[in-house]
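# Sharing a sequence plus its predicted fold:
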Amino acid sequence: MGPWILNALIFLPAGGALVALLIPKDQTEQAKNFGMLVGLVELALAIALIIGFKSNTAGFQFVTDQSWIPTLGISWHLGVDGISLFLVGITTLVFLVAMAGPPIIGDARAFMVWMLLLEAACVATFVAIDLFVFFIMFEVTLVPGYFLIAGWGRGLRRSYAAFKFFIYTFAGSAFLLVGILSLWYLVGRRTGQYNFDLIDLTRTASHLPLADQKWILLSFVAAFAVKIPLVPFHTWLPDAYTEAPTAGSMVLGGILFKLGAYGILRFGVFIFPHAAIDLAPLLLTMAVVGIVYGFIVAAVQKDLKRLVAYGSIADVGFIVLGVFAFTSQGISGAVFEMINHGLITGAMFLLVGMVWERRRTYKIAELGGLQKAAPLLGWAFIVVIMAAIGLPGLNGFIGEFLVLVGTFITHRWWAVVGTSGVVLGAVYLLWAYQRVFQGPASAANAAVRDLSWREKASLAPLIAGIVFLGLYPRPVLDRINPSVDHLIAHVQAADPSFHIPAKGVGNLTAARVPAGQVVDGPAPAAAASITASAATGGGK
């Protein structure tokens, strides 16, 4: 298997979107079936990518590097490593379920066009190694996202929510553009070679003045914090998630926010490790504030879909907590949580959409007693809730455990506050389940139908993933850990006084040591070669 597979994963849905334009506008079922077919082939390619990936290699694999705009140093440079591999996989799965499961009200052809374009942009963002390509694809996601909310949203405020989503994320991206151009200029002036290649920029960025590194990193964080979103940059999220159609909410909550978390890890921490260490207390504080705030606000919501939306704000706090723990456990847990969140949030919004299809309301006060009338719907809901809570045996437990253990090693008090979020999450989710599915049922609630075969088929892969990753996470972690350990070594090389474990999940030692003291860990000189090994990984 060669580098063609990454190009295929990008251009297949993009080309599918163009072909979908040829389908007659009134052929709703034909348009939906075509979108599902493209999504199914896309998922098959992602599975082939995962199977062909070498699990013991830390570098980028299936690399393609073609000059695009040579005068500016821009290249079509793509690659995938353990950090991005399963993000590509979960993207193809959630998009397929989103296109296949929820009913489409309105122009199905246009809906599939925007969904396929959004999928292509998301995959390209996860595999881009050239910062210019990453930025373009990062921006392209805004357009389909806007039209999906504005065109197929089910609320009266959908236009407002779509506009707010676009303006917030577009404004954040302006900071990202400034940061990328500043990095391109400063590194180019220093080396005489102007390009946007991640590996080349990383080699030189550590030699820039620390103040410059911090300012550029802050510009990156400003953009990615809006996309994730972190408190206080979150105010666009509840409206966008609530007003979007079910499929839109699934991809917005399950996939799009990860572009920000991935960006912080891949481009923020990797390019500016020393600056990231210095700014870690700020990001850790924002993360734990988001965890506590998100769960508390979710608990008082009267709208079921809005409750799930605020819960997502808290969930992303765990991811950021793990990234800035700077331990192999924390970062591996953060990547694992990104995968988990796609499954859990995608399933949660799909189930909430099923409740809407039956009762035409999200108001919790108008629901209740649905378990008797729709037992399979209730059981599916409780499985997903237990995964979100972190019940052992389901995928949420693995990610949260790694994040909290990894954070406790280096930033104990932030981990303690973050642990309180586990309790708060259990409270609001179980209370929501009790109010929606338990208790007496009104006549309307008692008459709801249970899951259809199509709904069961839509939920099955998401719930199967939740259970499989909870019982047997090793295949995923075996592919994540080498890339994470290389990243850890790279961060330690930037600040040798900060000793970070780089020996996988089993290593539970980390400490701040005086500069110059010998520690048991990767030598800074060896760690400094991380960029070279990342650029020459196997499987090309």
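Yep, it's here. Residues are numbered from 1 along each chain as shown.
# Touching, P461 and F95? I think so.
No. Using CB atoms under 8 Å as the test, P461 is too far from F95 to be in contact (11.9 Å). To be clear about C-beta, it is placed using only N, CA and C from the backbone, and glycine gets the same treatment.
# Those two - which one has more neighbours?
Each of P461 and F95 has its neighbours counted (other CB atoms under 10 Å); F95 has more, 29 against 18.
# tell me which element the residue nearest to the more buried one when sequence neighbours are not counted falls in.
Nearest-residue entry for F95: E119, 4.5 Å, with adjacent residues in sequence omitted and distances by CB to CB, 6 or more residues apart in numbering. Secondary-structure element containing E119, defined by DSSP states H and E: helix 108-127.
# by contact count, what packs against that helix?
The contact analysis (3 or more CB pairs under 8 Å, 6 or more residues apart in numbering; DSSP states H and E) places helix 108-127 against helix 4-20, helix 28-52, strand 74-80, helix 82-100, helix 131-140, helix 142-152, helix 246-251, helix 257-263.
# Dump it to PDB, restricted to CA.
Coordinates of the C-alpha atoms in helix 108-127 are reproduced here as PDB (Å, rounded to 0.1, in the frame of the first residue of the first chain):
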ATOM      1  CA  ALA A 108     -31.000  15.700   0.100                       C
ATOM      2  CA  ARG A 109     -28.600  16.300  -2.800                       C
ATOM      3  CA  ALA A 110     -27.300  19.500  -1.400                       C
ATOM      4  CA  PHE A 111     -27.000  18.000   2.000                       C
ATOM      5  CA  MET A 112     -24.800  15.200   0.800                       C
ATOM      6  CA  VAL A 113     -22.700  17.600  -1.200                       C
ATOM      7  CA  TRP A 114     -21.900  19.600   1.900                       C
ATOM      8  CA  MET A 115     -21.400  16.500   4.100                       C
ATOM      9  CA  LEU A 116     -18.900  14.900   1.600                       C
ATOM     10  CA  LEU A 117     -17.000  18.200   1.200                       C
ATOM     11  CA  LEU A 118     -16.800  18.500   5.000                       C
ATOM     12  CA  GLU A 119     -15.500  14.900   5.300                       C
ATOM     13  CA  ALA A 120     -12.800  15.600   2.700                       C
ATOM     14  CA  ALA A 121     -11.700  18.700   4.500                       C
ATOM     15  CA  CYS A 122     -11.600  17.000   7.900                       C
ATOM     16  CA  VAL A 123      -9.500  14.100   6.600                       C
ATOM     17  CA  ALA A 124      -7.100  16.400   4.900                       C
ATOM     18  CA  THR A 125      -6.700  18.500   8.100                       C
ATOM     19  CA  PHE A 126      -5.700  15.400  10.000                       C
ATOM     20  CA  VAL A 127      -3.100  14.200   7.500                       C
END
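# Just checking the distance from that helix to the centre of its chain.
Taking CA atoms, centre = their mean, to the nearest Å, one finds helix 108-127 lying 15 Å from the centre of the chain it belongs to.
# same deal with stretch 25-36?
Centroid displacement of stretch 25-36 relative to its chain, using CA atoms, centre = their mean, is 28 Å.
# One more: stretch 81-101?
For stretch 81-101 - counting by CA atoms, centre = their mean - the centre lies 10 Å from the chain centre.
# ok, the residue nearest to F95 touching L45?
No. In this structure, E119 is not within contact of L45 by CB under 8 Å, at 11.8 Å.
# what do the two both touch?
Between them, E119 and L45 have T92 as joint contacts when contacts are counted by CB atoms under 8 Å, 6 or more residues apart in numbering.
# higher neighbour count, those two?
More crowded of E119 and L45, by other CB under 10 Å: E119, with 32 against 19.
# Could you tell me how far the more buried one is located from Q329?
31 Å (CB to CB, to the nearest Å).
# now swap in L21 and tell me
Distance, L21 to Q329, by CB to CB: 47 Å.
# So which of the two has more stuff around it?
Here L21 and Q329 are compared on neighbour count by other CB under 10 Å; more neighbours surround Q329, at 28 against 11.
# tell me what the host helix or strand of the more buried one is packed against?
Remark: Q329 resides in helix 328-359, with elements defined by DSSP H and E. For helix 328-359, the helices and strands in contact under the criterion 3+ CB pairs under 8 Å, 6+ apart are helix 82-100, helix 246-251, helix 257-263, helix 304-323, helix 375-389, helix 395-410, helix 453-471, helix 474-494.
# In TSV, list those along with distance to V231.
As requested, the helices and strands packed on helix 328-359 are exported to TSV (distance: least, CB to CB, whole Å):
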stretch	distance to V231
helix 82-100	23
helix 246-251	20
helix 257-263	13
helix 304-323	7
helix 375-389	19
helix 395-410	18
helix 453-471	27
helix 474-494	25
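# and L343, which of the ones you listed is closest to it?
Comparing the helices and strands packed on helix 328-359 against L343 with CB to CB, the closest turns out to be helix 453-471 (4.7 Å).
# Just the C-alpha atoms of the closest one, please, in PDB.
Taking Å, rounded to 0.1, in the frame of the first residue of the first chain, the C-alpha atoms of helix 453-471 are listed here in PDB:
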ATOM      1  CA  TRP A 453     -33.900  -1.900  11.800                       C
ATOM      2  CA  ARG A 454     -32.200   1.100  10.200                       C
ATOM      3  CA  GLU A 455     -31.800   2.800  13.500                       C
ATOM      4  CA  LYS A 456     -30.300  -0.300  15.000                       C
ATOM      5  CA  ALA A 457     -27.900  -0.600  12.100                       C
ATOM      6  CA  SER A 458     -26.800   3.000  12.500                       C
ATOM      7  CA  LEU A 459     -26.200   2.600  16.200                       C
ATOM      8  CA  ALA A 460     -24.500  -0.800  16.000                       C
ATOM      9  CA  PRO A 461     -21.000   0.300  14.800                       C
ATOM     10  CA  LEU A 462     -20.800   3.200  17.400                       C
ATOM     11  CA  ILE A 463     -21.800   1.000  20.300                       C
ATOM     12  CA  ALA A 464     -19.600  -1.900  19.100                       C
ATOM     13  CA  GLY A 465     -16.700   0.600  19.000                       C
ATOM     14  CA  ILE A 466     -17.500   1.800  22.600                       C
ATOM     15  CA  VAL A 467     -17.500  -1.800  23.900                       C
ATOM     16  CA  PHE A 468     -14.500  -3.000  21.900                       C
ATOM     17  CA  LEU A 469     -12.200  -0.200  22.900                       C
ATOM     18  CA  GLY A 470     -13.300  -0.500  26.500                       C
ATOM     19  CA  LEU A 471     -12.500  -4.300  26.600                       C
END
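# tilt between it and helix 375-389?
If you take axes from the mean of the first three to the mean of the last three CA atoms, to 10 degrees, helix 453-471 sits at 30 degrees to helix 375-389.
# relative to helix 395-410, how tilted is helix 453-471?
Relative orientation of helix 453-471 versus helix 395-410 (the same axes, to 10 degrees): 30 degrees.
# Low-confidence bits of the stretch 1-150 of the chain, can you list those?
Within the stretch 1-150 of the chain, the set of residues satisfying pLDDT under 70 comprises 1.
# Quick one: residues in contact with stretch 2-13.
Contacts of stretch 2-13 with the rest of the structure, by CB under 8 Å, 6+ apart, involve 38-39, 41-42, 45-46, 48-49, 52, 62-64, 78-80, 88, 92, 95, 116-117, 119-120, 123-124, 127, 540.
# Give me the buried positions along it.
Within stretch 2-13, the residues that qualify as buried by neighbour count (16 or more other CB atoms under 10 Å) are P3, I5, L6, N7, A8, L9, I10, L12, P13.
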